[in-house]
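Enquirer: Here is my input, please return the structure:
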Amino acid sequence: MIYHVVSVADWNRQASASIYAPPTFEAEGFIHCCTKAQLKGVLQRYYQDHTDLLLLHLDESKLEFTVKYEAATNNELFPHLYGVLNKTAITSIEKIS
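Expert: Now for the predicted structure:
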């Protein structure tokens, strides 16, 4: 299981689509994800002042595009999804408060 943090507004803009891509997808070419162990650090580093966030729980075996674990912050290996997110891979959506 890997995870993706998304704002409620970004999620709602694509609510009726069968796929999801964050606003940064075109520029970066992948979707940032994290493991459960990395989630706390990701929220502290990048979302500390944000509200109205959702956590997408993703089943890697159901993703239609490749996930690569690549070095990022502190040489930690983060999962990057190299393609759009097919919503059939989402096992649950959790509100982050």
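Enquirer: Kindly confirm my reading that Arg45 forms part of a strand.
Expert: No. Counting by DSSP: H, G, I helix; E, B strand; the rest coil, Arg45 is located in no strand; its state is helix.
Enquirer: okay, now it: neighbour count?
Expert: When neighbours are counted by other CB atoms under 10 Å, Arg45 registers 9. Just so you know, the C-beta spots here come from the backbone N, C-alpha and C atoms, and that holds for glycine as well.
Enquirer: can you tell me how far the residue nearest to it when sequence neighbours are not counted sits from Gln38?
Expert: The spatially closest residue to Arg45, leaving aside those adjacent along the chain, is Thr73, at 6.9 Å (CB to CB, 6 or more residues apart in numbering). Thr73 sits 9 Å away from Gln38, taking CB to CB, to the nearest Å as the criterion.
Enquirer: neighbour-wise, which of those two wins?
Expert: The neighbour count for Thr73 versus Gln38, taken as other CB under 10 Å, is higher for Gln38 (18 against 11).
Enquirer: What are the boundaries of the helices in the chain?
Expert: For the chain, applying DSSP state H gives helices covering 8-13, 25-28, 36-46.
Enquirer: got the CA positions of the second one in PDB?
Expert: Same thing as helix 25-28. Extracted C-alpha coordinates of helix 25-28, given in PDB (Å, rounded to 0.1, in the frame of the first residue of the first chain):
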ATOM      1  CA  PHE A  25       1.800  16.100 -13.000                       C
ATOM      2  CA  GLU A  26       2.400  17.700 -16.400                       C
ATOM      3  CA  ALA A  27       5.500  19.600 -15.200                       C
ATOM      4  CA  GLU A  28       7.000  16.700 -13.200                       C
END
